[in-house]
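*Asks:* below are the sequence and a predicted model; questions follow.
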Amino acid sequence: MTIRAVVWDVDDTLFDYTSADREGMRRHLDVEGLLAAYDTPEAAVVRWREVTDRQWRRFEAGEVTFEGQRRDRVRVFLNREMTDAEADVWFRRYMDHYEAAWALFPDVLPVLDALATSHRHAVLSNSSIHVQDRKLRVLGVHDRFEAILCAAELGVAKPQAAAFLAACEALRLPPHEVAYVGDHPEIDGQGSADAGLLSVWIDRHGGTATVELPSGRHRIASLSELPAILGADTRFGAQSTFG
């Protein structure tokens, strides 16, 4: 089996979303004078992530629009009635702090460089093209990808097979010639495997290192391990730390 293309998740795969979200929200709540309502800044950030996850599941289920889930995140987090305009303004203030903390993981540019001539590249994200297109431009990697697909515009989200197959169709390649790299073991790892792609789960924190993966799925701790899995003709790469 020859892998001709790599489709990438963005948040917590290429882009350090967790760190940026945590630091951005901490700064935002400090400026807004809201940290005093929580025992610690970490508790406030945990609450924000819980609300974010809950509202995102509503978006995935088709219960609310992408913009609507953002507004509801603000309303639920603040426990306050707000107009759409008020929620939008609050969220934009948060975004200013969040974007100031944006950064790629340090292993991203080296692996993209190593695979630049051997593989084609695309993005599939459970977000919106408005968000991820700008993010990839700011981070300086937008031109590395020939296609950028997002759930808000596709109308289908990972882990549904249709999302992964849409990325394959955009590349005009069959699923067995495409690898998918993402940070979530079920949404990315199992979802892409079920759709027939080569599944590569980037487990940067090693929290579930003892879990045995089904045949055809791979777990790596660093993107430096990816070229060896793809069989890329490059000296770049490292042995898997998971064996």
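*Replies:* Looks like it came in fine.

*Asks:* what segments of this protein are helices?
*Replies:* With DSSP state H as the criterion, the chain has helices at 17-32, 41-60, 66-78, 84-100, 108-114, 129-138, 151-154, 161-171, 191-194, 226-230.

*Asks:* please identify the most buried of these.
*Replies:* Among the helices of the chain, ranked by average contacts under mean count of other C-beta atoms under 10 Å, first place goes to helix 191-194 (a mean of 22). No exception for glycine: its C-beta is placed from N, CA and C like everyone else's.

*Asks:* kindly export that one (C-alpha atoms) in CSV.
*Replies:* Listed next in CSV are the C-alpha coordinates belonging to helix 191-194 (Å, rounded to 0.1, in the frame of the first residue of the first chain):
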residue,chain,number,x,y,z
GLY,A,191,-12.9,7.7,12.7
SER,A,192,-10.3,7.7,10.0
ALA,A,193,-9.6,4.0,10.3
ASP,A,194,-13.3,3.2,9.9
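
*Asks:* neighbouring contacts of that helix?
*Replies:* Helix 191-194 is touched from outside by 7, 158-161, 163-164, 180, 182, 198-199, 214, 216-217, with contacts defined as C-beta atoms under 8 Å, 6 or more residues apart in numbering.

*Asks:* how about the helices of the chain, which one is nearest residue 145?
*Replies:* Put simply, out of these the one that sits nearest residue 145 is helix 129-138, at 7.1 Å, with distance taken as C-beta to C-beta.

*Asks:* contacts for the closest one next, please.
*Replies:* Residues from elsewhere that reach helix 129-138 (C-beta under 8 Å, 6+ apart): 10, 15, 99, 102, 123, 125, 142, 145, 148-150, 152-153.

*Asks:* number of residues surrounding residue 4?
*Replies:* Applying the criterion other C-beta atoms under 10 Å, we find 15 residues in the vicinity of residue 4.

*Asks:* surely it touches residue 179?
*Replies:* No: the pair formed by residue 4 and residue 179 falls short of the contact definition of C-beta atoms under 8 Å, at 9.1 Å.

*Asks:* quick one: least confident of the contacts of helix 129-138?
*Replies:* The weakest per-residue confidence within the contacts of helix 129-138 falls on residue 152 (89).

*Asks:* identify the residues contacting it.
*Replies:* Taking C-beta under 8 Å, 6+ apart as the criterion, residue 152 is in contact with 59, 66, 127-130.

*Asks:* rebuild the residues you listed as JSON lines, extending it with distance to residue 42.
*Replies:* Putting the contacts of residue 152 into JSON lines (distance: C-beta to C-beta, whole Å) gives the following:
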{"residue": "59", "distance to residue 42": "26"}
{"residue": "66", "distance to residue 42": "28"}
{"residue": "127", "distance to residue 42": "25"}
{"residue": "128", "distance to residue 42": "28"}
{"residue": "129", "distance to residue 42": "32"}
{"residue": "130", "distance to residue 42": "30"}
